[in-house]
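Here is the input, now give the coordinates:
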Amino acid sequence: MQPKATILRLLVLGGCATAVTTAALTTTAPADPKPERSPALAAPAPRVGPVPGFTSAQWRSLAREQLEVLEEPREAAADAVPASIRSQPLFADGAVELAAAREVAPGAERAWIAPSADGTAVCAFRTGAVACPSVARLTVTGLAPGVNGRYGEPFHVWGIAGDDTSSIVLIEADGTRVAVTVTDNFFDVETDDWPRGMTWTGPEGAESFEFPADGAW
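Residues are numbered from 1 along each chain as shown. Coordinates of the predicted model:
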């Protein structure tokens, strides 16, 4: 029998995937008159559709195998998503299971990780932005990078990293390499200029990602 990761890689690369839907909303005014950059995933994240033998419960189980934060007991008060975020249009369709969210970045820049309602994806979200890479993508590559920000303000490179992911590095516009710290399967790095790419070691070895050219979303 082929390992799950191998099966999922075949599904992702074999044309059975579609781009995961992402959305984001920026709520603060830009620092200068340049056009706003829409927060978004850094790349179309493959999302596996219905697969024989993979039920919603099995996708959720697979997600927990990849992300320790989802295995931890949920603390109702500490992990609760505030009404100010639950009421945002981003979550109106119920695609994110907010009741199962775990807070991964307390403080001023709060963030959460939660499974999608159908179990096939895992979502990282904060005020005004959400990105939902598929469980298949995380199982195969171990990491799903995203970027958001406005011209005139620092960019945030953020997202989800699996338990078996290590040696994560952000490559800045000038080639500077910055080590990325992961806490509770979540990372968030601030950079002044549009990032060039990322490298990391995933479940199947060395991985890399090149961000699209500035403005080429």
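
What pLDDT is listed against R102?
For R102, the model assigns a pLDDT of 96.

shouldn't it be in contact with P73?
No. Counting by Cβ atoms under 8 Å, no contact exists between R102 and P73, whose distance comes to 9.7 Å. C-beta coordinates here come from the backbone N, C-alpha and C atoms, glycine included.

Of the two, give the one with the bigger neighbour count.
Neighbours per residue, other Cβ atoms under 10 Å: of R102 and P73, the larger number sits with R102, 21 against 7.

Name whatever forms a beta bridge with the more buried one.
Legend: beta-bridge partners of R102 under DSSP bridges are I113.

Now the closest residue to R86 other than its chain neighbours, what are its backbone angles?
Excluding its sequence neighbours, the residue lying closest to R86 (Cβ to Cβ, 6 or more residues apart in numbering) is L98, at 5.8 Å. Backbone dihedrals for L98, given as degrees, to the nearest 10, come out at phi -60, psi -30.

For L98, give its distance to P82.
From L98 across to P82, the span is 10 Å (Cβ to Cβ, to the nearest Å).

For those two, indicate the residue with more neighbours.
More neighbours sit around L98 than around the other of L98 and P82, counting by other Cβ under 10 Å; the figures are 18 against 10.

And the pLDDT for that one?
At L98, the pLDDT value in this model is 95.

isn't it right up against D79?
No. With contact defined as Cβ under 8 Å, L98 does not reach D79; the gap is 10.0 Å.

which SSE is A63 in?
Using DSSP states H and E, A63 sits within helix 56-66.

in that helix, what's buried?
Taking 16 or more other Cβ atoms under 10 Å as the basis for neighbour counts, the residues of helix 56-66 that come out buried are W59, R60, L62, A63, R64, E65, Q66.

Report the backbone C-alpha coordinates of that helix in CSV.
The C-alpha coordinates for helix 56-66 follow below in CSV (Å, rounded to 0.1, in the frame of the first residue of the first chain):
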residue,chain,number,x,y,z
SER,A,56,-14.6,14.3,6.3
ALA,A,57,-13.7,12.6,9.5
GLN,A,58,-10.6,11.0,7.8
TRP,A,59,-9.5,14.3,6.5
ARG,A,60,-9.8,15.8,10.0
SER,A,61,-7.8,12.9,11.4
LEU,A,62,-5.1,13.4,8.8
ALA,A,63,-5.0,17.1,9.6
ARG,A,64,-4.5,16.3,13.3
GLU,A,65,-1.6,14.0,12.4
GLN,A,66,0.1,16.9,10.6
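
Go ahead and measure how far it is from the middle of the chain.
Once both centres are worked out by Cα atoms, centre = their mean, to the nearest Å, helix 56-66 turns out to sit 16 Å from its chain's centre.

who touches the next helix or strand after that helix?
Sequence-wise, the next helix or strand downstream of helix 56-66 (DSSP H and E) is helix 68-71. By Cβ atoms under 8 Å, 6 or more residues apart in numbering, the residues outside helix 68-71 that reach it are A63, R64, A100, R102, V104, I113, P115, V122, D163, D184, N185, F186.
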